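Coordinates only, no sequence provided:
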């Protein structure tokens, strides 16, 4: 089956950036800025994007373009004989499915809130009513199911039309609309009365607040956010590398995508933080910022229903671009492994993803008693923990090792692939850093994430979870060092 290709370089950049740009850019980045000292946090975050995020993304793109396959089949194509790198594919395949098991539900929330904003439900509403509306939505199984299924249908319908006619064309439109809406919202927010203090907080580093929160905590928070914001580690980017020709080198493309992703995150901060200061709201309010804090702010604004609708439309586009990108990965798994047509894979995958999304939906109502990570946790929390704290860092670690180890693809083959075409070349002198420095950073992120998650538990529970983390980490090294009787 002939491999599809992007119709233009712009299409590749926008689709890949759309995959990276998600809800984490919008709600997580601003509240982390609010919590960790504004611009001081941003400076550290940008440094980590440069020294870690871009190299890992380049590795993922290179494996995709070099193999012309999705993560389900890329390692088989490139690995040397009698190695077991191909077992890394399970991290990517599992990660894409697990991500969509809860991300589709959250994307449905965005569509629902956009609909409610257009309907004027929050105009003049009290803080109690707005807070209660979010809780009522979570308990309403038919509503939760409808909006989750709707966003799945929209996403798979786009994928049905293929790469150029569906994904590329629709994502170009949504990305253009997303960027325009963001700029309009940011300008409006910055010029609100009292917003100047928020702008100063956002742009002027406050190192004293950074010290108050603990320098180690701030640095690790920036490191984690830089790592996770680019959607690297589960092959979500790899598939778009497989659709790319060799006219451009990969380093420049990764830089462009990172710049666009960062622009969205920074602009989201200009939307949210000045508005919080203008209305006396704490910008470090956490995840409730989007569904409770911001609707409260919009309810106090002149024309608030319009600004609220635009904001949640922007969030819906951010969610959809990621959903469509990951759906394309899932569809490609069947096409690469089983030789299915796109149409057959779309229908089977759509049914599978919709059914697999239901546990997260039920976890807020019918199955609310299931609290897998302790009191107050939900099924979605478990799914998110597996993806964010495990599969993303472990997958990224595997890609870096595969691209640098002699018994993997190897540094020389990696460099040839990355630097093929016009544009910025990946520095060959970074071999030691990429081979040893980045794996060490990823391992620290991974283990520290587990420690932070369970440090409040008793020592036995903490020890058990750290042992689990060590076992998962050893799986990646086993794939890197193991041998097999099979031939590639």
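Structure's in. What do you need? Everything numeric here is computed off the predicted structure, so don't read it as measured data.

all helices of the stretch 151-300 of the chain, in order?
For the stretch 151-300 of the chain, applying DSSP state H, counting those that start in this stretch gives helices covering 169-190, 196-203, 207-213, 215-228, 238-242, 250-278, 288, 294-300.

Can you tell me the closest non-neighbouring residue to the most centrally placed residue in the chain?
In the chain, the residue lying closest to the centroid (Cα atoms, centre = their mean) is residue 231, at 4.0 Å. Residue nearest to residue 231 in three dimensions, not counting chain neighbours: residue 20, with 4.7 Å by Cβ to Cβ, 6 or more residues apart in numbering. The way it works is simple: take the backbone N, C-alpha and C, and place the C-beta from them, glycine included.

hang on, that neighbour packs against residue 229?
Yes - using Cβ atoms under 8 Å, residue 20 is in contact with residue 229, at 6.9 Å.

what's the overlap in contacts for those two?
residue 261 (Cβ atoms under 8 Å, 6 or more residues apart in numbering).

Give me whichever of the helices of the stretch 151-300 of the chain is most buried.
Comparing the helices of the stretch 151-300 of the chain by mean neighbour count (mean count of other Cβ atoms under 10 Å), helix 238-242 ranks first with a mean of 29.

Rounded mean pLDDT for that helix, please.
The pLDDT scores in helix 238-242 average 93.

Return the distance of it from the chain's centre.
Chain-centre distance of helix 238-242: 16 Å, with Cα atoms, centre = their mean, to the nearest Å.

Are there helices or strands packed against that helix, and which ones?
When contacts are defined as 3 or more Cβ pairs under 8 Å, 6 or more residues apart in numbering; DSSP states H and E, helix 238-242 packs onto helix 9-20, helix 54-67, helix 304-338.

Make sure residue 22 is actually in contact with residue 322.
Yes - contact criterion Cβ under 8 Å: residue 22 and residue 322 qualify, at 4.1 Å.

Overlap in contacts, these two.
With Cβ under 8 Å, 6+ apart, residue 22 and residue 322 have common neighbours 103, 231.

Compare neighbour counts for the two and give me the winner.
The neighbour comparison of residue 22 against residue 322 (other Cβ atoms under 10 Å) goes to residue 22, with 30 against 25.

helices and strands of this structure: which one has the lowest mean pLDDT?
helix 288 (a mean of 63; mean pLDDT, DSSP states H and E).

so what's residue 473 up against?
Applying Cβ under 8 Å, 6+ apart, the residues near residue 473 are 394, 397, 443, 446, 447.

so which of those residues comes closest to residue 298?
Residue 298 has its nearest neighbour among these in residue 446, at 38.1 Å by Cβ to Cβ.

Can you report how many residues neighbour residue 419?
Residue 419: 17 neighbours (other Cβ under 10 Å).

again with residue 481
13.

chain center to stretch 148-166, what's the gap?
Taking Cα atoms, centre = their mean, the mean C-alpha location of stretch 148-166 is offset from the chain mean by 19 Å.

now swap in stretch 355-373 and tell me
22 Å.

what does stretch 385-404 give?
Worked out by Cα atoms, centre = their mean, stretch 385-404 lies 13 Å from the chain centre.
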